[in-house]
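*Asks:* no sequence on this one, just coordinates:
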C-alpha cells in the first residue's frame with residue numbers, strides 16, 4: 001500500500017493555497033475547481049507538515065522565515081508525549097470501579113498525571129457523544145462493555 005500524501009495546491013482563481021489529497025478537487029477558499037491551471041506547490045507525507053507548508057505558502061515572502069521558525073519550534077514536540085483520546089478512555093476504563101462507574105475526580109486526576117491540558121468534563125462529554133459512556137448523574141459516568 002502506498003504512503004498517504006498531501007498536496008499543497010495554489011488556486012488559479014484566488015491564489016490561496018490549500019491542502020488536498022488530489023488535484024481535481026475544489027478550492028476551500030473560493031470554490032473554484034482545481035485542475036491543470038492550479039499550481040502544485042509541494043507534496044507532504046503528513047498532515048503536520050501539510051499544516052506548516054500551507055501556512056507558509058499563504059504567508060507573504062518577507063514573513064516566511066520567521067513563521068517557519070515559529071511553526072517548526074511548536075510542532076517539534078515529541079509525538080510520543082502526545083496522549084490520544086482513545087488512550088485516555090482506556091486508562092479511564094481501568095480507573096472505573098467494579099460497576100464500571102468513573103467519577104469526574106478520577107478523570108481530573110488522570111489528566112493531571114498525564115499532563116493533558118483539556119477540560120475533564122469536556123473529555124467525558126466527548127466519550128458520551130462517541131457512545132463509550134452513559135451519564136449516571138452529576139459527575140458520574142458508566143462505561144459500556
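*Replies:* Perfect, thanks for sending it. None of the values given here were measured: they were computed from a predicted structure. Residues are numbered from 1 along each chain as shown.
*Asks:* show me what the worst-scoring helix or strand of the chain on mean pLDDT is packed against.
*Replies:* Sorting the helices and strands of the chain by mean pLDDT, DSSP states H and E puts helix 61-74 at the bottom, at a mean of 80. Counting contacts by 3 or more Cβ pairs under 8 Å, 6 or more residues apart in numbering; DSSP states H and E, helix 61-74 is packed against helix 47-57. Yep, even glycine has a C-beta here, placed from its N, CA and C like the rest.
*Asks:* residues of the helix it packs on that come out buried?
*Replies:* 49, 50, 52, 53, 54, 55, 56, 57 (16 or more other Cβ atoms under 10 Å).
*Asks:* what separation is there between the last one and residue 35?
*Replies:* Note on residue 57: its distance to residue 35, by Cβ to Cβ, to the nearest Å, is 18 Å.
*Asks:* over to the first one?
*Replies:* Taken as Cβ to Cβ, the spacing of residue 49 relative to residue 35 amounts to 24 Å.
*Asks:* now the third one
*Replies:* As defined by Cβ to Cβ, residue 52 lies at a distance of 25 Å from residue 35.
*Asks:* for residue 112, same thing?
*Replies:* For residue 112 relative to residue 35 (Cβ to Cβ), the value is 51 Å.
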